[in-house]
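Chemist: Next come a sequence and a model predicted from it.
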Amino acid sequence: MNKRYIFTACLAGSLLLSTSCEKFLVQDHPTSVYDELWWNTAADAELGLYRGYVGIPDGLSGRQIMFLDALSDQLVARQSTRGEYEAYVKGIQASDWDKANHIYMDDYKTIRRVNRLLENIGRVYMEEPLRERFILEARALRAYYHMELLMLFGGVPIVTTALSPEESKMERNTAEEVYEFVKTELAFCAEQLPERYDFADRTRITSGIAYSLLTRVALFFHDYPTAKEASLKVIESEVYQLHRSANPANSYRDLFGYAGESNNERIFFRENGNSAAFTTIGMPSEGGQSVLSPTAAIVDAYQLKDGRNLQELPADSIALFHRDPNHKDMRDPRLKASILLVGDTFMSSTLNPFDNSNINANRLGNQYSTVTGYWVKKYLDERDKTPSASTRNLDFMIIRYAEVLLSYAEALVESGEWSHPDVLYYVNLVRNRAGMPSATLEKYNSEEKMRQLIRQERTVELAFEGVHYFDIRRWGTWENVMNGVVYGAVDPATGRKIEVETRTTNGNRSYWWPIPEVEMLSNPNMVQNPGY
C-alpha cells in the first residue's frame, strides 16, 4: 500500500495513536519487523520477492482481470458486490469508484514492497547470481505495476523508493514519462532474465514475460517499432508455441480447462487464478452464479467456418444466425468453446433463458442468471463446481503466445508493412489452430482490410481475457462501441434481440480512470483526471 493511503487511513480512521502512524507509514503493517532487523538471509529475500508477486491479478477473483471486458462491448456485469462496473459503463463513475480505488491502492502497495526489497537486498547474505536475478525480477514486477497504472489512469507518480512520510506527497509524472520508465525497465530486464525456469519456479518473471509486457504497453501507446521488436524477440526465442491437444479439434477449448492447463502457450499466468469461476460464470441450475454475461456484439463477431463475416451474408442469413448463432455448427469453433448459447447443454442443464417457468433457475430475470441469454464458457470447468485438492483451481493466463503473434502482425501492419508475409503467416497460425481457414491476400488486399482482419481475430481469439478493453481504447473505436443499447440473444417470442441496458460513455472522461478521492484529499500535489 502506498504511504499516502496509509497516512490518510491513520488520520481519518483514528485507529492508531499518533506515535503509531509513523510506524505504519514506514512499514507495510504496524506489527511487521523493521527493515534493519529483517533482511539477513536468502530466505528473507525470497519472502520479500514473493510479496512482490502477490499483486499479480487473478482472472475471476481478487483483481478479476476478466471483468475488464465488462467495461467493453463483450460482457455485461451484474452484482455490485463484485464491483460497480455498471456505474462505469453508464458514465456515472466518480472519484470514489471502487474499482479505481482498489487497483490504484493495490498496485502502489505492491510497488512499495518491491522497492523495500530492492533497497535492502544488497546487504542480504546470498549467492551473487541469485541476488542479481531477484533484482531483475523485482524491477520487472515494479515496471508491470506501473504499466497497469499507466494504462488505466494515464500519468501517475513514478515510485522507485519506499517513501518516507515527508516524501509521500508526490506529483504525477506525465504519461510519456511513465511509458519511458516502463519501457526502459522492461527492455533492460528482458535482456538479462532467464528464458525459462525449472518447474518449481514456473510462475516467475522470465525474459519472455518482460518482452510480452513490453509488447502490450508499446501497442497501447502506438509505439509500433518497439512492439514489433519485442514481440519478435518472444517468437524467435522458440520457448513458446500454440497449444495443440491430442485431438487437434479440441486444442483451443482445452486451453481453458484442466485438460490443457499445463501448456507451452501460456507466458504470464496466475497460478490458481480462477478460484471463483463457478460463482462468477456458472449457472444457477448447477449451483453457480452468472455475474458476467456475453453480449450479442461478441457473439456476432465470430466468422463462419468458411471465413465469411456475418455482415457479408444476405439479410435473411444474418437474421437466421441472430436467432440461432451456431446454426448447423457453421460458425468459428471458438464461439462454441467460449460461449454457451440458448439450447446448449452444460453438465445436466439444457440452457433456455426464455423458459419463464419458476422451476427454470436459468431464466432471464432470475437474480443469479444470465442477463443477455448467453453464458461465458471459457474457463468454466464442471470440476470446479465442487473444488478439491485434485483440481485446485484453473490457472489464469494473463498473456499467452497467441496474443504475441497477433500483436506482432498488428505492429507490422501499423508500421506500413501490411503485405509483409509474416502478417498472414502468424495470423493464420492462430486461425488454423482454432479450426479456421487461412486468410489470403486475395481477400485482405489492402492495409485497412488487413487491419480489420487482425482486429477481428484479436476480438474472438482473446475474448473475455481482459485484453479487449485496452484494444478498443487504443484503436479509437471506444466511443462507437460503448454508447447505445447493449443487446443479447433473440427472444423467440418477439423475434428480436433483447435490450439489456443503455450505455453512455464520454471518451474524454472515461478513457482514463479517476484518481481515487482518498489520494486527492491526502496529497495536495495530486491533479485529478479531466471530468472528475
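Modeler: Perfect, I can see it now.
Chemist: mean confidence score for stretch 333-351?
Modeler: For stretch 333-351, mean pLDDT is 96.
Chemist: Now find how far off-centre it is within its chain.
Modeler: 23 Å (CA atoms, centre = their mean, to the nearest Å).
Chemist: Between the two ends of it, what distance do you get?
Modeler: Looking at stretch 333-351, the gap from its leading to its trailing residue is 19 Å under the measure CA to CA, to the nearest Å.
Chemist: And for stretch 351-365?
Modeler: End-to-end span of stretch 351-365 (CA to CA): 14 Å.
Chemist: Please apply the same query to stretch 480-499.
Modeler: One end of stretch 480-499 sits 17 Å from the other (CA to CA).
Chemist: contacts for it?
Modeler: Outside of stretch 480-499, the residues that reach it under the criterion CB atoms under 8 Å, 6 or more residues apart in numbering are 72-73, 76, 89, 293, 295-297, 299, 322-323, 341-342, 353-354, 364, 370-374, 472, 500-505, 510. Every residue, glycine included, has its C-beta placed from N, CA and C.
Chemist: repeat that for 6 Å
Modeler: 73, 295-296, 322-323, 342, 354, 372-374, 472, 500-503, 505 (CB atoms under 6 Å, 6 or more residues apart in numbering).
Chemist: Can you say which of the residues you listed are buried?
Modeler: Using 16 or more other CB atoms under 10 Å as the burial test, the contacts of stretch 480-499 include 73, 295-296, 322-323, 342, 354, 372-374, 472, 500-501, 503, 505 as buried.
Chemist: Just the contacts of stretch 480-499: which are in strands?
Modeler: Secondary structure of the contacts of stretch 480-499 is defined by DSSP state E; positions in strands are 500-503.
Chemist: any low-confidence regions in the stretch 201-350 of the chain?
Modeler: Along the stretch 201-350 of the chain, segments meeting pLDDT under 70 are nowhere present.
Chemist: where exactly do the strands run in it?
Modeler: Taking DSSP state E, counting those that start in this stretch to define them, one finds strands in the stretch 201-350 of the chain at 266-270, 292-294, 339-340, 345-346, 349-350.
Chemist: and if you look at the stretch 1-150 of the chain?
Modeler: Under the criterion DSSP E, counting those that start in this stretch, strands of the stretch 1-150 of the chain are mapped to 75-77.
Chemist: in it, what spans have low per-residue confidence?
Modeler: Along the stretch 1-150 of the chain, the model assigns pLDDT under 70 to residues 1-34.
Chemist: picking up where we left off before, figure out which of the strands of the stretch 201-350 of the chain is closest to Thr110.
Modeler: Closest to Thr110 of these, according to CB to CB: strand 266-270, at 13.5 Å.
Chemist: distance between the closest one and the chain's centre?
Modeler: Remark: strand 266-270 is offset 11 Å from the chain centroid, using CA atoms, centre = their mean.
Chemist: just checking, what packs against it?
Modeler: When contacts are defined as 3 or more CB pairs under 6 Å, 6 or more residues apart in numbering; DSSP states H and E, strand 266-270 packs onto helix 207-220, strand 396-400.
Chemist: Can you give me the buried ones in that strand?
Modeler: Going by 16+ other CB under 10 Å, strand 266-270 has these buried residues: 266-270.
Chemist: Pick out the residue nearest the middle of this protein.
Modeler: Among the residues of the chain, Gly466 comes closest to the average C-alpha position under CA atoms, centre = their mean, at 3.0 Å.
Chemist: so what's that one up against?
Modeler: Applying CB under 6 Å, 6+ apart, we find Gly466 in contact with 65-66, 68.
Chemist: want to throw those into JSON lines with neighbour count and distance to Trp38?
Modeler: Written out in JSON lines, the entries for the contacts of Gly466 read as follows (neighbours: other CB atoms under 10 Å; distance: CB to CB, whole Å):
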{"residue": "Ile65", "neighbour count": "22", "distance to Trp38": "32"}
{"residue": "Met66", "neighbour count": "29", "distance to Trp38": "36"}
{"residue": "Leu68", "neighbour count": "22", "distance to Trp38": "35"}
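Chemist: Go through those residues and flag which are in helices.
Modeler: In this view, the contacts of Gly466 have no member that belongs to helices under DSSP state H.
Chemist: Nearest to Glu171 among those?
Modeler: Distance to Glu171, by CB to CB, is smallest for Leu68 among the contacts of Gly466, at 27.8 Å.
Chemist: okay but that closest one is in contact with His468, surely?
Modeler: No - counting by CB atoms under 6 Å, Leu68 does not reach His468; the two are 8.0 Å apart.
Chemist: Report how many residues lie close to Ser522.
Modeler: 21 (other CB atoms under 10 Å).
Chemist: Pull up the gap between it and Lys228, please.
Modeler: With distances taken as CB to CB, to the nearest Å, Ser522 is found 42 Å from Lys228.
Chemist: follow-up on the earlier one: dump the strands of the stretch 201-350 of the chain into JSON lines; add distance to Glu410 as well.
Modeler: Formatted as JSON lines, those follow (distance: least, CB to CB, whole Å):
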{"stretch": "strand 266-270", "distance to Glu410": "17"}
{"stretch": "strand 292-294", "distance to Glu410": "24"}
{"stretch": "strand 339-340", "distance to Glu410": "24"}
{"stretch": "strand 345-346", "distance to Glu410": "34"}
{"stretch": "strand 349-350", "distance to Glu410": "39"}
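Chemist: For Lys169, find the nearest of those strands.
Modeler: It is, among the strands of the stretch 201-350 of the chain and with distance given as CB to CB, strand 266-270, at 33.0 Å.
Chemist: Restricting to C-alpha, output that closest one in CSV.
Modeler: What follows is strand 266-270, C-alpha atoms only, in CSV (Å, rounded to 0.1, in the frame of the first residue of the first chain):
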residue,chain,number,x,y,z
ARG,A,266,1.0,-19.5,-21.5
ILE,A,267,3.6,-16.9,-21.0
PHE,A,268,2.4,-14.8,-18.0
PHE,A,269,-0.1,-16.5,-15.8
ARG,A,270,-1.5,-16.5,-12.3
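Chemist: tell me the angle of that strand relative to helix 207-220?
Modeler: Using axes from the mean of the first three to the mean of the last three CA atoms, to 10 degrees, the interaxial angle of strand 266-270 with respect to helix 207-220 works out to 90 degrees.
Chemist: Neighbouring strands of strand 266-270 in the sheet, and parallel or not?
Modeler: Strands adjacent to strand 266-270 in the sheet, as given by DSSP bridges, are strand 396-400 (antiparallel).
Chemist: hey, where'd the helices end up in the stretch 301-450 of the chain?
Modeler: With DSSP state H, counting those that start in this stretch, the ranges of helices along the stretch 301-450 of the chain come out as 315-323, 333-338, 401-414, 421-433, 447-461.
Chemist: Pick the most deeply packed of those helices.
Modeler: Scoring those by mean neighbour count under mean count of other CB atoms under 10 Å gives helix 401-414 as the most buried, with a mean of 25.
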